[in-house]
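Trainee: predicted model, plus sequence, below.
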Amino acid sequence: MGALELSRRTFLKATAAAGGLTLTAGWTSVFAQDKYGANSMPHGAVDNPLVFVSIAANGIVTITCHRAEMGQGVRTGVPMIVADELEADWRKVRVVQAPGDELRYGNQDTDGSRTTRHFFMPMRRCGAAARQMLEAAAAARWGVPASEVQARNHELVHKPSGRKVGFGDVAADAAKQPVPAADQLRLKKPAEFRYIGKGEVPIGLAWLKGLTLRLGLANVIAHVDRVLALIEAGKLDPAPLVTHRMKLDEAEEAYRIYDNREALKVVLTP
(Lines give C-alpha, C1' and ligand atoms only; values in the text may rest on other atoms or scores of the structure.)
Protein backbone atom coordinates (compact mmCIF):
# COMPACT_ATOMS: atom_id res chain seq x y z
CA MET A 1 0.00 0.00 0.00
CA GLY A 2 1.44 3.37 -0.94
CA ALA A 3 1.41 6.38 1.34
CA LEU A 4 -1.81 8.39 1.13
CA GLU A 5 -1.14 12.09 0.70
CA LEU A 6 -3.35 14.49 2.65
CA SER A 7 -3.26 18.11 1.53
CA ARG A 8 -2.84 20.91 4.06
CA ARG A 9 -6.23 22.34 3.03
CA THR A 10 -8.01 19.02 3.65
CA PHE A 11 -6.16 18.59 6.92
CA LEU A 12 -7.22 22.01 8.17
CA LYS A 13 -10.85 21.44 7.15
CA ALA A 14 -10.95 18.17 9.06
CA THR A 15 -9.39 19.62 12.20
CA ALA A 16 -11.60 22.71 12.11
CA ALA A 17 -14.68 20.48 12.02
CA ALA A 18 -13.39 18.55 15.03
CA GLY A 19 -12.97 21.75 17.03
CA GLY A 20 -9.44 20.96 18.11
CA LEU A 21 -6.27 19.23 17.07
CA THR A 22 -6.67 16.04 15.07
CA LEU A 23 -3.49 14.35 13.97
CA THR A 24 -3.50 11.32 11.72
CA ALA A 25 -0.44 9.13 11.85
CA GLY A 26 0.40 7.91 8.39
CA TRP A 27 -1.71 10.30 6.32
CA THR A 28 1.39 12.01 5.08
CA SER A 29 4.38 10.46 3.46
CA VAL A 30 6.63 11.39 6.39
CA PHE A 31 5.24 8.42 8.34
CA ALA A 32 5.47 5.87 5.49
CA GLN A 33 9.07 4.84 5.99
CA ASP A 34 8.83 1.19 7.00
CA LYS A 35 6.70 -1.85 6.33
CA TYR A 36 4.51 -3.11 9.13
CA GLY A 37 2.58 -6.35 9.33
CA ALA A 38 2.99 -9.55 7.38
CA ASN A 39 2.80 -9.26 3.60
CA SER A 40 0.73 -12.43 3.44
CA MET A 41 -2.03 -10.99 5.64
CA PRO A 42 -5.19 -9.41 4.19
CA HIS A 43 -4.42 -5.94 2.84
CA GLY A 44 -0.73 -6.66 3.26
CA ALA A 45 1.88 -4.67 5.11
CA VAL A 46 0.72 -1.35 6.48
CA ASP A 47 2.54 1.79 5.38
CA ASN A 48 0.04 4.13 7.02
CA PRO A 49 -1.01 3.11 10.56
CA LEU A 50 -4.01 5.38 10.93
CA VAL A 51 -4.38 6.45 14.49
CA PHE A 52 -6.16 9.69 15.34
CA VAL A 53 -5.25 12.03 18.18
CA SER A 54 -7.90 14.64 18.98
CA ILE A 55 -7.56 17.34 21.60
CA ALA A 56 -10.73 19.13 22.63
CA ALA A 57 -10.91 22.70 23.87
CA ASN A 58 -11.30 21.39 27.43
CA GLY A 59 -7.99 19.55 27.12
CA ILE A 60 -9.37 16.02 26.85
CA VAL A 61 -7.22 13.94 24.51
CA THR A 62 -8.98 11.21 22.55
CA ILE A 63 -6.80 8.49 21.03
CA THR A 64 -8.19 5.94 18.60
CA CYS A 65 -6.84 2.40 18.83
CA HIS A 66 -7.01 0.67 15.47
CA ARG A 67 -6.20 -2.83 16.72
CA ALA A 68 -8.71 -5.07 18.50
CA GLU A 69 -8.32 -5.89 22.18
CA MET A 70 -8.10 -9.67 22.62
CA GLY A 71 -6.38 -9.85 25.98
CA GLN A 72 -2.89 -8.60 25.11
CA GLY A 73 -3.56 -5.09 26.40
CA VAL A 74 -3.14 -3.24 23.10
CA ARG A 75 -6.14 -1.00 23.81
CA THR A 76 -4.12 0.41 26.68
CA GLY A 77 -0.60 -0.05 25.28
CA VAL A 78 -0.99 1.56 21.85
CA PRO A 79 -2.69 4.75 23.13
CA MET A 80 -0.19 4.92 26.00
CA ILE A 81 2.71 5.00 23.52
CA VAL A 82 1.08 7.97 21.79
CA ALA A 83 0.29 9.68 25.09
CA ASP A 84 3.86 9.31 26.31
CA GLU A 85 5.42 11.05 23.32
CA LEU A 86 2.62 13.62 23.40
CA GLU A 87 3.36 14.40 27.07
CA ALA A 88 -0.34 13.93 27.81
CA ASP A 89 -1.67 13.41 31.32
CA TRP A 90 -3.06 9.86 31.17
CA ARG A 91 -5.91 10.92 33.47
CA LYS A 92 -7.10 13.24 30.71
CA VAL A 93 -6.88 10.66 27.91
CA ARG A 94 -9.88 8.86 26.46
CA VAL A 95 -9.53 5.82 24.21
CA VAL A 96 -11.97 4.92 21.44
CA GLN A 97 -11.95 1.84 19.27
CA ALA A 98 -11.56 2.18 15.50
CA PRO A 99 -14.17 0.45 13.37
CA GLY A 100 -13.19 -2.46 11.19
CA ASP A 101 -11.98 -0.75 8.02
CA GLU A 102 -8.76 -2.19 6.62
CA LEU A 103 -8.87 0.03 3.55
CA ARG A 104 -8.40 2.94 5.93
CA TYR A 105 -6.39 1.47 8.80
CA GLY A 106 -4.45 -1.30 7.12
CA ASN A 107 -4.42 -4.81 8.54
CA GLN A 108 -6.38 -5.04 11.78
CA ASP A 109 -5.86 -8.72 12.56
CA THR A 110 -5.16 -9.33 16.20
CA ASP A 111 -2.88 -12.33 16.09
CA GLY A 112 0.76 -13.17 16.48
CA SER A 113 1.23 -10.69 19.35
CA ARG A 114 2.68 -8.26 16.82
CA THR A 115 0.79 -5.00 17.38
CA THR A 116 3.35 -3.35 19.64
CA ARG A 117 6.28 -4.60 17.55
CA HIS A 118 4.77 -3.22 14.36
CA PHE A 119 3.32 0.04 15.62
CA PHE A 120 5.61 1.12 18.45
CA MET A 121 7.63 3.54 16.32
CA PRO A 122 4.72 4.85 14.20
CA MET A 123 2.76 5.63 17.37
CA ARG A 124 5.77 7.33 18.91
CA ARG A 125 6.14 9.48 15.79
CA CYS A 126 2.43 10.27 15.91
CA GLY A 127 2.65 11.50 19.51
CA ALA A 128 5.89 13.39 18.91
CA ALA A 129 4.43 15.18 15.88
CA ALA A 130 1.35 16.23 17.85
CA ARG A 131 3.54 17.47 20.70
CA GLN A 132 5.70 19.59 18.40
CA MET A 133 2.62 21.09 16.74
CA LEU A 134 1.32 22.10 20.16
CA GLU A 135 4.69 23.58 21.09
CA ALA A 136 4.80 25.53 17.82
CA ALA A 137 1.31 26.89 18.44
CA ALA A 138 2.19 28.05 21.94
CA ALA A 139 5.41 29.64 20.67
CA ALA A 140 3.48 31.54 18.01
CA ARG A 141 1.02 32.83 20.60
CA TRP A 142 3.81 34.10 22.82
CA GLY A 143 6.01 35.33 19.97
CA VAL A 144 8.98 33.20 21.05
CA PRO A 145 11.10 30.56 19.33
CA ALA A 146 9.58 27.07 19.40
CA SER A 147 12.83 25.80 20.86
CA GLU A 148 11.99 27.69 24.08
CA VAL A 149 8.67 25.87 24.54
CA GLN A 150 8.36 22.38 25.99
CA ALA A 151 5.34 20.16 26.55
CA ARG A 152 5.16 18.91 30.12
CA ASN A 153 2.32 16.79 31.45
CA HIS A 154 -0.53 18.33 29.44
CA GLU A 155 0.86 21.87 29.48
CA LEU A 156 3.10 23.95 27.22
CA VAL A 157 5.79 25.72 29.20
CA HIS A 158 7.92 28.68 28.08
CA LYS A 159 11.17 27.70 29.74
CA PRO A 160 12.78 31.18 30.09
CA SER A 161 9.72 32.90 31.60
CA GLY A 162 7.80 30.01 33.15
CA ARG A 163 4.59 30.91 31.32
CA LYS A 164 2.20 27.99 30.85
CA VAL A 165 -0.82 27.16 28.73
CA GLY A 166 -2.92 24.01 28.58
CA PHE A 167 -3.17 21.67 25.60
CA GLY A 168 -6.81 22.54 25.03
CA ASP A 169 -6.10 26.27 24.92
CA VAL A 170 -3.89 25.95 21.83
CA ALA A 171 -5.37 22.83 20.20
CA ALA A 172 -7.17 24.75 17.45
CA ASP A 173 -4.05 26.77 16.65
CA ALA A 174 -1.93 23.63 16.67
CA ALA A 175 -4.15 22.16 13.97
CA LYS A 176 -2.97 24.95 11.67
CA GLN A 177 0.67 24.02 12.12
CA PRO A 178 2.35 21.87 9.45
CA VAL A 179 2.98 18.25 10.36
CA PRO A 180 6.71 18.00 11.11
CA ALA A 181 8.84 16.12 8.61
CA ALA A 182 10.33 12.84 9.78
CA ASP A 183 13.82 14.32 10.15
CA GLN A 184 12.40 17.11 12.33
CA LEU A 185 10.72 14.87 14.89
CA ARG A 186 12.23 14.91 18.37
CA LEU A 187 11.54 11.56 19.95
CA LYS A 188 11.99 11.15 23.67
CA LYS A 189 14.97 9.39 25.15
CA PRO A 190 14.03 6.27 27.15
CA ALA A 191 14.95 8.06 30.39
CA GLU A 192 12.23 10.62 29.58
CA PHE A 193 9.42 8.09 29.18
CA ARG A 194 6.45 8.84 31.39
CA TYR A 195 4.44 5.64 30.79
CA ILE A 196 6.36 3.32 28.49
CA GLY A 197 7.91 0.52 30.51
CA LYS A 198 6.47 1.82 33.78
CA GLY A 199 4.05 -1.05 34.39
CA GLU A 200 0.78 0.86 34.22
CA VAL A 201 -2.34 -1.18 35.04
CA PRO A 202 -4.36 -1.85 31.82
CA ILE A 203 -7.56 -0.30 33.11
CA GLY A 204 -9.08 -0.40 29.63
CA LEU A 205 -8.67 -4.17 29.49
CA ALA A 206 -10.25 -4.60 32.91
CA TRP A 207 -13.21 -2.51 31.79
CA LEU A 208 -13.68 -4.53 28.60
CA LYS A 209 -13.66 -7.78 30.56
CA GLY A 210 -16.06 -6.42 33.19
CA LEU A 211 -13.56 -7.03 35.98
CA THR A 212 -13.81 -5.63 39.48
CA LEU A 213 -10.47 -4.59 40.98
CA ARG A 214 -10.09 -5.08 44.72
CA LEU A 215 -6.75 -4.07 46.15
CA GLY A 216 -5.13 -5.02 49.43
CA LEU A 217 -2.49 -3.29 51.51
CA ALA A 218 -0.01 -6.17 51.76
CA ASN A 219 3.04 -5.96 49.52
CA VAL A 220 3.48 -9.71 49.00
CA ILE A 221 6.45 -9.42 46.67
CA ALA A 222 8.40 -7.39 49.21
CA HIS A 223 8.11 -10.12 51.88
CA VAL A 224 7.96 -13.42 50.00
CA ASP A 225 11.73 -14.13 50.20
CA ARG A 226 11.79 -13.52 53.94
CA VAL A 227 8.71 -15.69 54.50
CA LEU A 228 10.16 -18.56 52.44
CA ALA A 229 13.41 -18.36 54.40
CA LEU A 230 11.51 -18.58 57.71
CA ILE A 231 9.55 -21.60 56.47
CA GLU A 232 12.71 -23.37 55.31
CA ALA A 233 14.34 -22.67 58.68
CA GLY A 234 11.38 -24.20 60.50
CA LYS A 235 10.56 -20.91 62.21
CA LEU A 236 7.21 -20.42 60.48
CA ASP A 237 4.48 -23.02 59.92
CA PRO A 238 1.98 -21.98 57.20
CA ALA A 239 -0.21 -25.07 57.75
CA PRO A 240 -2.70 -23.36 60.12
CA LEU A 241 -3.57 -20.95 57.31
CA VAL A 242 -5.12 -23.83 55.36
CA THR A 243 -8.50 -24.22 57.00
CA HIS A 244 -10.10 -26.48 54.37
CA ARG A 245 -8.86 -29.23 52.07
CA MET A 246 -11.37 -30.31 49.45
CA LYS A 247 -11.59 -32.37 46.29
CA LEU A 248 -11.54 -30.69 42.90
CA ASP A 249 -15.13 -31.77 42.21
CA GLU A 250 -16.11 -29.80 45.32
CA ALA A 251 -14.79 -26.56 43.84
CA GLU A 252 -18.21 -24.92 43.71
CA GLU A 253 -18.74 -25.48 47.43
CA ALA A 254 -15.17 -24.37 48.13
CA TYR A 255 -15.75 -21.07 46.37
CA ARG A 256 -19.04 -20.63 48.25
CA ILE A 257 -17.52 -21.00 51.70
CA TYR A 258 -14.57 -18.82 50.74
CA ASP A 259 -16.82 -16.06 49.40
CA ASN A 260 -18.88 -16.27 52.60
CA ARG A 261 -15.68 -15.89 54.63
CA GLU A 262 -16.18 -19.30 56.20
CA ALA A 263 -12.67 -20.32 55.17
CA LEU A 264 -9.30 -18.62 55.34
CA LYS A 265 -7.49 -20.78 52.80
CA VAL A 266 -8.91 -23.63 50.71
CA VAL A 267 -6.68 -26.17 48.99
CA LEU A 268 -8.23 -28.17 46.14
CA THR A 269 -6.76 -31.55 45.24
CA PRO A 270 -7.65 -33.92 42.36
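Mentor: In hand now; what should we look at?
Trainee: in the stretch 1-150 of the chain, where is pLDDT below threshold?
Mentor: Across the stretch 1-150 of the chain, the stretches falling below the confidence threshold (pLDDT under 70) are 1-52, 104, 106-107.
Trainee: can you do 90?
Mentor: Within the stretch 1-150 of the chain, the stretches falling below the threshold (pLDDT under 90) are 1-54, 63-78, 96-126, 129.
Trainee: what's the answer for the stretch 151-270 of the chain, then?
Mentor: Applying pLDDT under 90 to the predicted model, the residue ranges of the stretch 151-270 of the chain that meet it are 175-176, 178-183, 185, 196-228, 231, 236, 238-242, 247-270.
Trainee: which stretches in it count as helices?
Mentor: Secondary structure of the stretch 151-270 of the chain (DSSP state H, counting those that start in this stretch): helices at 167-174, 203-208, 220-232, 251-259.
Trainee: my guess is L236 contacts L230. True?
Mentor: Yes. Because the distance of 3.9 Å satisfies C-beta atoms under 8 Å, L236 is recorded as touching L230. For every residue, glycine as well, the C-beta is placed using N, CA and C.
Trainee: sorry, back to before: quick one: closest of the helices of the stretch 151-270 of the chain to S147.
Mentor: The closest approach between S147 and any of these, judged by C-beta to C-beta, belongs to helix 167-174 at 16.6 Å.
Trainee: and the closest one, what does it pack onto?
Mentor: In terms of contact count using 3 or more C-beta pairs under 8 Å, 6 or more residues apart in numbering; DSSP states H and E, helix 167-174 is assigned the packing partners strand 21-24, strand 52-55, helix 115-142, strand 155-158.
Trainee: give me the buried positions along the third one.
Mentor: For helix 115-142, the buried set under the neighbour-count rule, 16 or more other C-beta atoms under 10 Å, comprises 115, 118-119, 121-141.
Trainee: which strands or helices does it pack on?
Mentor: In this structure, helix 115-142 makes packing contacts with strand 21-24, strand 52-55, helix 74-86, strand 149-152, strand 155-158, helix 167-174, judged by 3+ C-beta pairs under 8 Å, 6+ apart.
Trainee: and what of the second one?
Mentor: On a contact count with 3+ C-beta pairs under 8 Å, 6+ apart, strand 52-55 meets strand 21-24, strand 61-65, helix 115-142, helix 167-174.
Trainee: can I get those in CSV with distance to G197?
Mentor: Output for the helices and strands packed on strand 52-55, formatted as CSV (distance: least, C-beta to C-beta, whole Å):
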stretch, distance to G197
strand 21-24, 24
strand 61-65, 19
helix 115-142, 11
helix 167-174, 23
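Trainee: which of the ones you listed sits closest to G73?
Mentor: The closest approach between G73 and any of the helices and strands packed on strand 52-55, judged by C-beta to C-beta, belongs to helix 115-142 at 8.9 Å.
Trainee: which element, helix or strand, includes E69?
Mentor: Taking DSSP states H and E as the definition, one finds E69 inside no helix or strand.
Trainee: so how far is V93 from the residue lying closest to it once chain neighbours are set aside?
Mentor: Leaving out its chain neighbours, the residue that sits closest to E69 by C-beta to C-beta, 6 or more residues apart in numbering is R75, at 3.9 Å. As defined by C-beta to C-beta, to the nearest Å, R75 lies at a distance of 12 Å from V93.
Trainee: P240 now?
Mentor: P240 sits 47 Å away from V93, going by C-beta to C-beta.
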